[in-house]
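Visitor: build me a model:
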Amino acid sequence: MIFSNARFIFPDGIRDGLELVVADGRITDVRERSGAEAIDLRGNYLAPGFIDLHIHGALGRDTMEASPAAFRAICDYHASGGTTSLLLTTVTAPIAEIVKVLRAVRDHSSTMIAGVHIEGPFISRAKRGAQREEFIRDPDAESAAELLNYADIIRIVTLAPELPGALDLIDQLRARNIIVSGGHSDASDVEARAGFTHGMRHVTHTFNAMSTMHREGARRVAGMLEFALSEPEVVCELIADGHHVPTTLMKMLYRAKGARGICLVTDATAGAGLPDGAEFSLFGRSCVVSDGVCWLADLSALAGSASRMINLVRVMVNEVNVPLHEAIAMASANPARALGAKTKGKLEAGADADFVVLSPELEVLQTFVGGTEIYRQR
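Guide: Numbering: from 1, shown residues only. Next comes the predicted model:
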């Protein structure tokens, strides 16, 4: 197949006059328009497929169900937002429940699911957010061993580096090439630096459930946030849904980290795709969709987003004033780089034919995975 008459979005800019050649699920060429018979994309944008590193659910379905039906519903919904690869994300739960998810993902064949992001239970009680406190625990050898039986499925683990045993766990995860992300953490910058020294190079939903500068006596002490902003090697997740982080802070993050240092993530929970007022469960916690975002039912804490990736891209472009090609890179090239997924997140020969067609208004018109259309706007 040849795709032509589109504005191609690359990490360094947008180009016209090209065509994309696809065969056997791969991009075989990106070249000047040849005049060959082609699929006419009618002047719309052509972008790499989006990669969501942090996604819990959609349409009332949750990763913790550990079922093929739930996984399919989540993938199908988020494909409509331009996502072509994702990490199903767990919550703080008993280790046995997390293992059920890992086993189910290992047994489930999907072109979209790139693995699992384990968020909790090795987190700070003080920064638990919507996570269930009764299941929070310090890392221990037995739990680590149970999880690492599925090291081939686990791609990211969110943990608080200040916990007893956390540094040993970071060493074990990094030895298996699993990304360690500091999150739901009350770490000082010294404790965050210790995690970094052991291999932590990622932070979870920046600004949310994360320690920041405070006073200890007469002195100011920096937290995980300031450490992440100041360390060039740390990649920052950002839930740019217009609810989790105000525009001024998103601009600050962009100025601090630059276009390459941010990965957009939805952190979508089961409320994504449901109307305002809809109720849903987050591993036993009652939640509600209100004003386009997910909350605990008592409105005491946010409980993930109700967004798809394209919503985040629009916020970055329209509210944060990030150039379109950079916002697209935050949703594609950057997460692919973080995962070490060398054939994802780009429009070039040899890459997987995962791409999305966007209107000038940044609506998703079509989504392709491996050259096969999996979503078309009706």
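Visitor: let's verify the spatially most central residue of the chain: helix, strand, or coil?
Guide: The residue lying closest to the centre of the chain (C-alpha atoms, centre = their mean) is Leu53, at 2.7 Å. Taken by DSSP: H, G, I helix; E, B strand; the rest coil, the conformation at Leu53 corresponds to strand.
Visitor: what about the strands in the stretch 101-250 of the chain?
Guide: 113-119, 154-159, 179-182, 202-203, 214-216, 219-221, 235-238 (DSSP state E, counting those that start in this stretch).
Visitor: give me the angle between the first one and strand 154-159.
Guide: Inter-element angle recorded for strand 113-119 and strand 154-159: 10 degrees (by axes from the mean of the first three to the mean of the last three C-alpha atoms, to 10 degrees).
Visitor: picking up where we left off before, now the strands of the stretch 101-250 of the chain in TSV, with mean neighbour count, distance to Lys127 and mean pLDDT?
Guide: C-betas here are computed from N, CA, C, even on glycine. As requested, these are exported to TSV (neighbours: other C-beta atoms under 10 Å; distance: least, C-beta to C-beta, whole Å; pLDDT from 0 to 100):
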stretch	mean neighbour count	distance to Lys127	mean pLDDT
strand 113-119	24	12	98
strand 154-159	25	11	98
strand 179-182	27	11	98
strand 202-203	25	12	98
strand 214-216	9	13	88
strand 219-221	11	15	91
strand 235-238	26	15	98
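Visitor: pull the residues that contact the helix or strand bottoming out on mean pLDDT in the chain.
Guide: Here the helix or strand of the chain ranked lowest by mean pLDDT, DSSP states H and E is strand 214-216, holding a mean of 88. Contacts to strand 214-216, defined as C-beta atoms under 8 Å, 6 or more residues apart in numbering, come from residues Arg220, Val221, Gly223.
Visitor: direction included, what does that strand pair up with?
Guide: strand 219-221 (antiparallel) (DSSP bridges).
Visitor: off-centre distance for the strand it pairs with?
Guide: Put simply, strand 219-221 sits 32 Å off its chain's centre (C-alpha atoms, centre = their mean, to the nearest Å).
Visitor: residues in contact with Glu363?
Guide: Contact analysis of Glu363 by C-beta under 8 Å, 6+ apart lists Ile310, Gln377.
Visitor: quick check on it: phi, psi?
Guide: Glu363 adopts backbone torsions of phi -100, psi 140, taken as degrees, to the nearest 10.
Visitor: and the gap between it and Ser230?
Guide: 37 Å (C-beta to C-beta, to the nearest Å).
Visitor: just Tyr77 next, same as before
Guide: For Tyr77 relative to Ser230 (C-beta to C-beta), the value is 37 Å.
Visitor: Leu20 now?
Guide: 39 Å.
Visitor: who has more neighbours out of those two?
Guide: Between Leu20 and Ser230, counted using other C-beta atoms under 10 Å, Leu20 has the larger neighbour count: 26 against 12.
Visitor: my guess is that one meets Ile2, correct?
Guide: Yes - taking contacts as C-beta atoms under 8 Å, Leu20 lies within contact range of Ile2: 7.0 Å.
Visitor: and the helices in the stretch 51-200 of the chain?
Guide: 68-79, 95-107, 141-148, 166-175, 189-198 (DSSP state H, counting those that start in this stretch).
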